[in-house]
Each structure stands twice: as structure tokens, then as C-alpha cells.
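Q: Pasted the sequence and its predicted model underneath.
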Number of protein chains: 2
Amino acid sequence: MRMVGVMAEAVEEKGAAGTGINEVLRRSGAPRGSLYFHFPGGKDELVEAALRFGAGQVEELVLRAASEGGGAADAIGLLIRLLADRQEAAGFAKGCPVAAVAVEAPPGSELAGVCAEIYDGWESGLAALLAAEGHPEETAGQVLALIEGALLLSRVRRSRLPLESAARAVHALLERT
Amino acid sequence: MRMVGVMAEAVEEKGAAGTGINEVLRRSGAPRGSLYFHFPGGKDELVEAALRFGAGQVEELVLRAASEGGGAADAIGLLIRLLADRQEAAGFAKGCPVAAVAVEAPPGSELAGVCAEIYDGWESGLAALLAAEGHPEETAGQVLALIEGALLLSRVRRSRLPLESAARAVHALLERT
DNA sequence: AATAATATGTAGATCGGTCTACTATTGCGG
DNA sequence: CCGCAATAGTAGACCGATCTACATATTATT
């Protein structure tokens, strides 16, 4: 579904509210009827699909990093490098696809729930990686916060330095025995 | 200017694109003409003012935390506690006022520049605090990323736990000699 | 009187959403 | 293998609402 990809890209750049369905339809070439056929729920449903799509893209990076062998520290370091590559490839016009929705979703809304769900999934993934090496339980959340914050700063500063710096911070966090 | 305050609040909850000037006018009781009298640049200029206003609110917390004596670790710990209080008071419907704009500002735009400027200021403040105790230069950026990420997670999870956890991570970062 | 600010009216574009019509594909009884 | 109905999906006109912005008063203030 080309619409979802276009929406995901636009949302990551300008937020959900800043992206009109007209623009999505134009850029994807799809007619208006198709949107409401596949997504009877309208824009919200399309945004949700785009959110899950974007999250899936990031998840692929997580899996790739985790499977690349090495310890948790190396895997997370690699993940951050992959994220930095992603940012750079997008000309630093993007960020975390989930964050873009999370900061404007009304609390308690469907979309806010999906965001929470995705973050929980990511944190669980990190936790599994870290628990195998005996790190404290809360470390996964700290690493996630560090990465999310670094993604934001990377966008604002148009540089991969914040992410690289965050990677070093992760190492420091993991080195405390 | 009541309009700015209303706009700042709305932006932090729903993003700039998700907030119409009509709503701001209605909630602030100001007439339409007044907006374009005080902000000839229209919505963008109002958003910028709201952005600086929101950033100023956070800056007050930073100053308060820094002046409360104690070392850098204590000051940052207190800052995070104050931020958590702020989140809780808002029912976790907010986050960082700058982040809400940063994630949807077109790169290179006026607003994106203001966001970068504000973050730079915050990081400089943290850096001054940390440099006095001989911490590595990049630590300030790492702490800032941690806080921003924790603010985001705090909103999504509707809990102050991510911020409290981030505070412990900051301590861990600062304890490496 | 002159300026500052308030107070509306309205223009023009765009928004999300619904509607009907059209085409392609599939399933099925003979 | 055919014919036909049912379904899936495309296509775009159209609607009311809302958006930002501008234009034109009107009222305070000095």
C-alpha cells in the first residue's frame, strides 16, 4: 500500500496534524475513494498504519543489530550507528517515527496507545538483550530514552554527533558493573 | 499577552500544526485583529513567541535547580524532579515545549533554527554546571538527550517513572571519574 | 487629532469525509 | 468453456467545516 509509505514519511517529517490526506493522495497517486475503502476509519486509521509501518522499519534495524552478534553493548552501539545512517540519509529531516506522533497525540487516544505499545515493545527487546548480561532492569528504559533524545537532537542539529555521543553514554551506562 | 500563553499550552499538547489560531483566539478571548497587529507574521510568529515562552518556563526550572546549591549531580537531579512535577501537573498531556515544535519543523526553517538555538542554550547551561566539576565536554549533550527522551517516554507512559529512572542514569554517568 | 489596540467581516484555500459511478477480478451454475 | 452476478477496488466530483490571512471599522488612550 503506497499510501501508507507516503504517509509514514510525511508524518516523520511534519507530524500527523501537519500532513493532509490530500497531500498523501497526490504524492501516492491514489484516488480518494481507495483511501476510505482500505481505511474506513479515515485519516486516523491511516496514521496508525503509517505509525506501525515506521515502527517496523526501526524494528528491522534493531533485529539486524541484535543478530550481528557481539554483546549487548556492541549491538546497541551498532543500532545507534544504523539509526544515525538513517537520519543522515534523510538529510536529518526525520526523527523517530513514533515520537512525531507521540508528541501530538491526545492522551488516552487510540494513537497514543499505539505509541505506548510500540515503545514497550522496543524496551522489551532491549531489556532482553541487557538482562542476558545481568544489567539492572531499568537500564533498557534509560537506553531507550537516551536514543530517543539523541534522535531528536540529531534532527535539530542536523548532525549525527548527538547519536554518536549517546552511543558512548550507553557504553558508560553498561560499564558500571 | 494571553494569546502566547494559550498557544504555548496548546502547542505542547497537540503540536503547532494541530493548533489553529481560531482555537487560540477563542480560548484567549482575543479578537482576530489583535493577533495580526501584535504578530504581523501571522501564525508562525505566534508559534515562535509561544516556543520562546515555553522554553523560558523550562529555563526557570533550570535556574531554580542550579541555584538550589549542591553539586551538578544534585542540581540535575532536582531539575528532573521539577520537570516530573510539571508533567504530572499537566496530567502527562505535555512534554518538552521545544520538542513538540522540533519534530514538525521543516529543516532549515525559522522555527527549526529557534529550536536549535534553545537547545544550544540549555546544553550550554548544563555544560557550565558540569565543566566546573571536570566532567567531559560531551556529558551535557548526553544528559540533555536523556532528559528529552525521558520527557517523551513520561508523556507516552503517563508516568514520572521514566524521568526518575533517567535521573539515576544521570548519576551513573556523572559517577564515572 | 493621532496613535494603539480592539473588534469583526470575509476572502480564498484547504481540510477530512461522503457519495456515486466506473472497472477489474473472482466465483459459480450451466 | 461460457455467461453472469457478486465482489473488490479505482476514480473523482462534491460537501460543509475550518483554516490562515487580510480588510475595514470602531473604540481607548494620550
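A: Yep, it's here.
Q: Who are the contact partners of residue A:163?
A: If a contact means Cβ atoms under 8 Å, 6 or more residues apart in numbering or on different chains, then residue A:163 has A:80, A:81, A:83, A:84, A:87, A:147, A:150, A:151, A:154 as its contacts. C-betas here are computed from N, CA, C, even on glycine.
Q: what about the closest residue to it other than its chain neighbours, neighbour count?
A: Once flanking residues are discounted, residue A:163 sits nearest to residue A:84: 4.3 Å by Cβ to Cβ, 6 or more residues apart in numbering or on different chains. By other Cβ atoms under 10 Å in any protein chain shown, the residues close to residue A:84 number 22.
Q: my guess is residue A:84 meets residue A:164, correct?
A: Yes. With contact defined as Cβ atoms under 8 Å, residue A:84 reaches residue A:164; the gap is 6.7 Å.
Q: rewinding a little: if we take the contacts of residue A:163, which one ends up nearest to DNA strand D?
A: residue A:151 (27.0 Å; Cβ to the nearest atom of the strand).
Q: now the closest one: how far from residue A:100?
A: Taking Cβ to Cβ, to the nearest Å as the measure, residue A:151 and residue A:100 are separated by 10 Å.
Q: CA-only coordinates of the host helix or strand of the residue nearest to residue A:163 in PDB, if you can.
A: Assigned by DSSP states H and E, residue A:84 belongs to helix A:72-89. What follows is helix A:72-89, C-alpha atoms only, in PDB (Å, rounded to 0.1, in the frame of the first residue of the first chain):
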ATOM      1  CA  ALA A  72      24.600  -6.100  24.200                       C
ATOM      2  CA  ALA A  73      26.900  -3.100  24.200                       C
ATOM      3  CA  ASP A  74      28.100  -3.800  20.700                       C
ATOM      4  CA  ALA A  75      24.500  -4.500  19.500                       C
ATOM      5  CA  ILE A  76      23.200  -1.200  20.800                       C
ATOM      6  CA  GLY A  77      26.200   0.600  19.500                       C
ATOM      7  CA  LEU A  78      25.600  -0.800  16.100                       C
ATOM      8  CA  LEU A  79      21.900   0.000  16.300                       C
ATOM      9  CA  ILE A  80      22.700   3.700  17.100                       C
ATOM     10  CA  ARG A  81      25.000   3.700  14.100                       C
ATOM     11  CA  LEU A  82      22.300   2.400  11.900                       C
ATOM     12  CA  LEU A  83      19.900   5.000  13.200                       C
ATOM     13  CA  ALA A  84      22.500   7.700  12.500                       C
ATOM     14  CA  ASP A  85      22.800   6.400   9.000                       C
ATOM     15  CA  ARG A  86      19.100   6.600   8.600                       C
ATOM     16  CA  GLN A  87      19.000  10.100   9.800                       C
ATOM     17  CA  GLU A  88      21.800  11.200   7.600                       C
ATOM     18  CA  ALA A  89      20.200   9.500   4.600                       C
END
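Q: list the helices and strands that helix packs on?
A: helix A:43-67, helix A:110-131, helix A:139-157, helix A:161-175 (3 or more Cβ pairs under 8 Å, 6 or more residues apart in numbering or on different chains; DSSP states H and E).
Q: quick one: buried residues of the shortest one?
A: Going by neighbour count (16 or more other Cβ atoms under 10 Å in any protein chain shown), the buried part of helix A:161-175 is A:162, A:163, A:164, A:165, A:166, A:167, A:169, A:170, A:172, A:173, A:174.
Q: Tell me how far the second one lies from residue A:153.
A: If I follow you right, that is residue A:163. Distance from residue A:163 to residue A:153, by Cβ to Cβ: 8 Å.
Q: interface residues of chain A facing DNA strand C?
A: A:19, A:20, A:21, A:22, A:23, A:32, A:33, A:36, A:42, A:43, A:44 (Cβ under 7 Å from any atom of the strand).
Q: So which of the residues you listed belong to strands?
A: Nothing among the residues of chain A next to DNA strand C maps onto strands, per DSSP state E.
Q: which one of these sits closest to chain B?
A: Chain B lies nearest to residue A:19 out of the residues of chain A next to DNA strand C, by Cβ to the nearest Cβ, at 8.2 Å.
Q: which residues does the closest residue to that closest one other than its chain neighbours contact?
A: Among residues not flanking residue A:19 along the chain, residue A:10 sits closest, at 4.1 Å (Cβ to Cβ, 6+ apart). The contact partners of residue A:10, taken as Cβ under 8 Å, 6+ apart, are A:19, A:23, A:24, A:27.
Q: Quick one: the residues you listed as JSON lines, columns for neighbour count, pLDDT and distance to residue A:54 too.
A: Below are those laid out as JSON lines (neighbours: other Cβ atoms under 10 Å in any protein chain shown; pLDDT from 0 to 100; distance: Cβ to Cβ, whole Å):
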{"residue": "A:19", "neighbour count": "26", "pLDDT": "97", "distance to residue A:54": "13"}
{"residue": "A:23", "neighbour count": "14", "pLDDT": "97", "distance to residue A:54": "17"}
{"residue": "A:24", "neighbour count": "25", "pLDDT": "97", "distance to residue A:54": "14"}
{"residue": "A:27", "neighbour count": "16", "pLDDT": "95", "distance to residue A:54": "16"}
